[in-house]
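Colleague: Got a sequence here, can you model it:
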Amino acid sequence: MSAPTPPKISGAGMLYVVSRIASKDMSEETYLKWYEEDHIAEIMQTSGIKSAVRFKNTNLDADKPYMVMYPMEDLGFTQGEEFKKIKVHSNILPGGGPIYDLADIDVRYYSLTQTYDPKGPTKPGKVKLINTAGLSPNETISDNEFDNWYRQEHLDELAKVPGYLRSTRYNLQYYRTNAQSRALKGLPARAEDIAIKTPPRFFAVHEFDTDDIDIKALMATVETDWSKRIMGNLAEPFEGNFWALKGSFGDKTFFQEAR
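Modeller: Residues are numbered from 1 along each chain as shown. Model (predicted):
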């Protein structure tokens with residue numbers, strides 16, 4: 001499989017990276033050591049990415065339980081030579097890697113569309129848990145109505161949930177499967193790489209300062225008539241996940257500045 005030519009992208013956004021260990025030769029301890037001490041450390045030295053936050057899915061049965069988000073001021077950085085030179089081999093990895101032989105990694109490029117800070121800018125370091133929501137409305141719901149639902153109602157409802165801090169929203173620009181990442185790095189194709197469905201077009205990250213989320217209060221946010229209309233007109237796939245914070249790196253910011 002050849003790597004597709006990505007669209008020209010720019011402006012504020014993030015890389016959203018989910019993964020699972022795919023080789024019996026690599027333990028979780030080794031994987032996380034590589035991630036934090038080698039991979040993220042190298043990325044933090046680049047000119048275009050200065051922060052990273054690592055999470056683990058609270059669902060023990062999640063297909064890809066590991067997640068890292070890299071916020072950046074210009075997604076165009078990911079299309080330059082400096083980004084492409086980030087290593088895929090390491091002495092930490094079994095056999096030296098490459099990582100795409102040992103883990104199944106999906107990468108999404110999201111452009112930032114909204115930050116919602118109902119109590120004013122939140123300082124980094126408060127978040128403990130996040131809820132991510134990936135949604136794609138069907139033809140019944142226009143993109144404009146979907147955006148208005150978030151801005152005019154849903155975020156205000158979410159702000160009522162105990163422990164809620166803030167939200168950021170995104171549009172999908174591009175994504176890469178493990179197979180496409182291998183092709184990008186000049187690695188041979190493998191039969192075991194599995195194609196994934198196109199991810200949802202719209203994505204939101206809802207931050208909380210609690211170790212657990214009040215699910216009853218969270219579900220109440222979609223009980224309005226408008227929410228029922230939106231939720232009743234979603235296309236597949238739909239994503240809803242809860243992630244526990246495991247580490248923050250670099251300057252540890254996540255679009256805290258006012259927009």
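
Colleague: how much space between Thr253 and Met72?
Modeller: Thr253 is 11 Å from Met72, where distance means C-beta to C-beta, to the nearest Å. Heads up, the C-betas are built off the backbone N, CA and C, glycines and all.

Colleague: Same question for Leu60.
Modeller: 31 Å.

Colleague: Who has more neighbours out of these two?
Modeller: Neighbour tally, Leu60 and Met72, criterion other C-beta atoms under 10 Å: the higher count belongs to Met72, 21 against 7.

Colleague: quick one on the thing from earlier: residues shared between the contacts of Thr253 and Met72?
Modeller: Residues touching both Thr253 and Met72 (C-beta atoms under 8 Å, 6 or more residues apart in numbering): Lys50.

Colleague: what's the helix or strand where Ala41 lies in contact with?
Modeller: Per DSSP states H and E: Ala41 is located in helix 40-43. If you take C-beta under 8 Å, 6+ apart as the criterion, helix 40-43 is touched by Ile49, Ala52, Arg54, Val68, Tyr70, Ile86, Lys87, Phe249.

Colleague: Can you flag the buried ones in these?
Modeller: The neighbour count (16 or more other C-beta atoms under 10 Å) marks Ile49, Ala52, Arg54, Val68, Tyr70, Phe249 as buried among the contacts of helix 40-43.

Colleague: so where's the chain uncertain?
Modeller: Residue ranges of the chain with pLDDT under 70: 1-4, 191, 257-259.

Colleague: Glu236: what secondary structure?
Modeller: coil (DSSP: H, G, I helix; E, B strand; the rest coil).

Colleague: Next, the contact list for it, please.
Modeller: Counting by C-beta under 8 Å, 6+ apart, Glu236 touches Ser136, Lys197.

Colleague: and the gap between it and Val88?
Modeller: 32 Å.

Colleague: go on, Ile215?
Modeller: For Ile215, the distance to Val88 (C-beta to C-beta) stands at 39 Å.

Colleague: returning to that earlier point: can you name the next helix or strand after the helix holding Ala41?
Modeller: Next in sequence after helix 40-43, counting helices and strands by DSSP H and E, comes strand 51-57.

Colleague: what pairs with that next one, and is each one parallel or antiparallel?
Modeller: Strand 51-57 pairs in its sheet with strand 66-72 (antiparallel), strand 239-250 (antiparallel), by DSSP bridges.

Colleague: All set now, cheers.
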